[in-house]
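Need a 3D model of the following:
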Amino acid sequence: MVLKRFTYHILGIALLLFIIFVSCKPQTPTVSDTETEIFNSKESDTITIANDSLEYEVIIIEPGFYAWLQSMARPRGFYSQTFLENRNILFVNEWNRRVTMPQRYNPNLYELQINYTPNIDYGYEVNYQMYNYFIYFQRKYNQRLTGLIPRI
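Down below sits the predicted model:
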């Protein structure tokens, strides 16, 4: 009788450990066929965002990004500028950290640091396109810049 109870306890613990193990499995974002086609695009895309009064320029050179931005990203106005700025700060900090660690992170993905100063108002459009580039990048290259799953 004691052996039977002990067996049930072992089975219960094993089941509990299995449930914990399965629930801790890293989640990967679901990528649609349309998104996969865009990711596999070889057509060169270059987006330049500039503001002469603030003397900055953002250049995004990534095949498929413009098509992804137009067809997959949430529309302008969906997120507030504050939301975009807060996420961009997190993404930029992690991006820049990875640039400084080429032995750990692929230097072909993380080539240059991003100079993004949180107390400068870059405006909605810059923050919108930067945020969406980070989402695009994470989904295309299966990267996680934060603990958040990059969803669209």
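
and Tyr122, that's in a strand?
No: Tyr122: not assigned to a strand; according to DSSP: H, G, I helix; E, B strand; the rest coil it is coil.

which residues of the protein score low on pLDDT?
1-29, 31, 33, 42-45, 51-54 (pLDDT under 70).

residues in contact with the nearest residue to Tyr105 once chain neighbours are set aside?
Spatial nearest neighbour of Tyr105, excluding adjacent residues (CB to CB, 6 or more residues apart in numbering): Arg98 at 4.1 Å. The way it works is simple: take the backbone N, C-alpha and C, and place the C-beta from them, glycine included. Taking CB atoms under 8 Å, 6 or more residues apart in numbering, we find Arg98 in contact with 104-105, 109-110.

Also Glu111?
Val99.

what's the answer for Tyr79, then?
128, 131.

Let me see the ranges of the helices in the protein.
Under the criterion DSSP state H, helices of the chain are mapped to 2-23, 33-39, 65-71, 81-99, 124-141.

Next, the angle helix 124-141 makes with the fourth one.
Spelled out, that is helix 81-99. Relative orientation of helix 81-99 and helix 124-141, computed by axes from the mean of the first three to the mean of the last three CA atoms, to 10 degrees: 50 degrees.

Extract the C-alpha set from helix 81-99 and format it as PDB.
Extracted C-alpha coordinates of helix 81-99, given in PDB (Å, rounded to 0.1, in the frame of the first residue of the first chain):
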ATOM      1  CA  GLN A  81       4.100  58.000 -29.700                       C
ATOM      2  CA  THR A  82       4.900  57.300 -26.000                       C
ATOM      3  CA  PHE A  83       4.500  53.600 -26.500                       C
ATOM      4  CA  LEU A  84       6.700  53.600 -29.600                       C
ATOM      5  CA  GLU A  85       9.400  55.700 -27.800                       C
ATOM      6  CA  ASN A  86       9.400  53.400 -24.700                       C
ATOM      7  CA  ARG A  87       9.700  50.300 -26.900                       C
ATOM      8  CA  ASN A  88      12.400  51.900 -29.100                       C
ATOM      9  CA  ILE A  89      14.500  52.700 -26.000                       C
ATOM     10  CA  LEU A  90      14.400  49.000 -25.000                       C
ATOM     11  CA  PHE A  91      15.200  47.800 -28.500                       C
ATOM     12  CA  VAL A  92      18.000  50.300 -29.100                       C
ATOM     13  CA  ASN A  93      19.600  49.500 -25.700                       C
ATOM     14  CA  GLU A  94      19.700  45.800 -26.400                       C
ATOM     15  CA  TRP A  95      20.700  46.300 -30.100                       C
ATOM     16  CA  ASN A  96      23.700  48.500 -29.000                       C
ATOM     17  CA  ARG A  97      24.700  45.900 -26.400                       C
ATOM     18  CA  ARG A  98      24.700  43.200 -29.000                       C
ATOM     19  CA  VAL A  99      26.800  45.300 -31.300                       C
END
